[in-house]
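Engineer: Have a look at this prediction, sequence included:
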Amino acid sequence: MLEELQGRITELEIRFSHQTQLLDEINDVLTDCHRRIDQLSRENQRLREAVSTMSPALEESPDE
C-alpha cells in the first residue's frame, strides 16, 4: 500500500514537472507572438503613413 502511494506521488510529480515545462514553453511562444504582432502593427502603421503622404489627393475609384 505504501509503495503504491509512493509510486502515485512520484507519477504526479513527474506529470507536474512536465506540465510546468510545457507551460513555460507555451509562455515563450506567446511572448514571441505578441512581440511579432506589435512589430507588424508598427510596420503596418508606418506603411499606411508613407502611402498617405505619397498620394494625399488620390480619388477613390467609382467602385468604392
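Structural biologist: Received it, and whenever you're ready, just let me know what you need. Numbering: from 1, shown residues only.
Engineer: For the rest of this, base every contact and every neighbour count on C-alpha atoms.
Structural biologist: OK.
Engineer: Could I get the full set of strands for the protein?
Structural biologist: Shown for the chain, no strands are assigned by DSSP state E.
Engineer: Below-threshold pLDDT in it: ranges please.
Structural biologist: Residues of the chain meeting the criterion pLDDT under 70: 56-64.
Engineer: And the helices in it, which stretches?
Structural biologist: 2-54 (DSSP state H).
Engineer: what separates the residue of the chain positioned farthest from its centre from Arg8, distance-wise?
Structural biologist: Distance from the centre of the chain peaks at Met1, with 45.5 Å (C-alpha atoms, centre = their mean). Remark: distance between Met1 and Arg8 (C-alpha to C-alpha, to the nearest Å) = 11 Å.
Engineer: go on, Arg15?
Structural biologist: Distance from Arg15 to Arg8, by C-alpha to C-alpha: 11 Å.
Engineer: residues near Val29, how many?
Structural biologist: Neighbourhood size, Val29 [other C-alpha atoms under 10 Å]: 12.
Engineer: show me the contacts for it.
Structural biologist: Contacts for Val29 (C-alpha atoms under 8 Å, 6 or more residues apart in numbering) come out as none.
Engineer: Tell me the spacing between it and Glu3.
Structural biologist: Taking C-alpha to C-alpha, one finds Val29 at 39 Å from Glu3.
Engineer: what does Arg35 give?
Structural biologist: Distance from Arg35 to Glu3, by C-alpha to C-alpha: 48 Å.
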